[in-house]
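Asks: Everything below, folded, please.
(one chain, ligands or ions: 1)
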Amino acid sequence: MLRLEGLEIVQGAFTLRADMTLEQGRKYAVIGPSGAGKSTLLGALCGFVPLAAGRIVWNGQDLTGADPGARPMTMLFQDNNLFPHLKVLQNVGLGLRPDMRLDPAQKARVREALERVGLADQMAKKPGTLSGGQQSRAALARVLVQARPWVLLDEPFAALGPALRNEMLELVRELVSETGAGLIMVTHAPDDVRRIADEVIFVGSGRAEAPQPAAELMDNPPPELKAYLG
Ligand SMILES: Nc1ncnc2c1ncn2[C@@H]1O[C@H](COP(=O)(O)OP(=O)(O)OP(=O)(O)O)[C@@H](O)[C@H]1O
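Replies: The predicted model follows:
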């Protein structure tokens, strides 16, 4: 269980507040207008954006001052963050050990993760020689080897075409279900919400609202969400 207690995040003139409890193993979509603070919220959860007030507590453990690497979260950014000069295998291995000194068991985990995302035959290639979809798969494999309890995605796969995007979302859904990880995903696409999310966190007017069941909310959106959805 991940608790956001009286969070206040200040960036210049912008303030975002959040108070909510997220359940392990659930899939949350974060939606709301551009500039509402969706990326800011994820950044604060991961420890990249400091809190002005409040606490983040995971299973009773206060994460508020913890370094990003010490938190139970992995973040997948829109651009995948792959290192162009390293092979796919090494890029994924970095998820386990930044110094890349993997022991045999860790090497086996990296290979397993690459097999799981369908890149078993692409391990020795550099990211630049892979397609966009394959690069996304490599980035997902890196998330997978870290095996953290929460996976955070900030508008993932935005650069991919619709069919490939859906395929990647389906893969994400399968992977988090298999590992029991919780998912928090920023998206602008209502279709993504219906496809993948159990619950929706709406961000607007300086607040991240407590999660609400996805299907219900999308079928009967309150005025602010309705205005956003158009
Ligand atoms: N480093 C910063 N310094 C000052 N203000 C910032 C900084 N980063 C973001 N902001 C402001 O914080 C607010 C929230 O930005 P954020 O990127 O979280 O929104 P978002 O909902 O993710 O938007 P989008 O959907 O366009 O990606 C914006 O008003 C933005 O201008």
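
Asks: Show me what counts as buried in the top helix by length along the chain.
Replies: With secondary structure taken from DSSP state H, the chain has its longest helix at helix 162-179. Along helix 162-179, these residues count as buried under the neighbour rule (16 or more other CB atoms under 10 Å): Leu164, Arg165, Asn166, Glu167, Met168, Leu169, Leu171, Val172, Leu175, Val176. No exception for glycine: its C-beta is placed from N, CA and C like everyone else's.

Asks: can stretch 5-25 be found next to the ligand?
Replies: Yes: on the criterion CB under 6 Å from any ligand atom, stretch 5-25 is in touch with the ligand at Gln11, Gly12, Phe14.

Asks: Next up, phi/psi of the one residue sitting closest to the centre of the chain, please.
Replies: Geometric centre of the chain, nearest residue: Leu152, 1.7 Å, by CA atoms, centre = their mean. Note on Leu152: its backbone torsions stand at phi -110, psi 130 [degrees, to the nearest 10].

Asks: So it sits against Arg71, correct?
Replies: No: here Leu152 does not reach Arg71: they are 9.9 Å apart, not a contact under CB atoms under 8 Å.

Asks: picking that back up, just send the residues of stretch 5-25 next to the ligand back as TSV, with pLDDT too.
Replies: Below are these laid out as TSV (pLDDT from 0 to 100):
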residue	pLDDT
Gln11	92
Gly12	90
Phe14	96
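
Asks: what about Glu155, neighbour count?
Replies: 19 (other CB atoms under 10 Å).

Asks: likewise the one 5 residues further on?
Replies: Other residues lying near Leu160 total 18 when counted by other CB under 10 Å.

Asks: Next, count neighbours for the closest residue to it other than its chain neighbours.
Replies: Spatial nearest neighbour of Leu160, chain neighbours left out: Gly132 (5.5 Å); criterion: CB to CB, 6 or more residues apart in numbering. Using other CB under 10 Å, the number of residues around Gly132 comes to 14.

Asks: Can you tell me how far Gly132 is from Pro84?
Replies: Separation of Gly132 from Pro84 (CB to CB, to the nearest Å): 14 Å.
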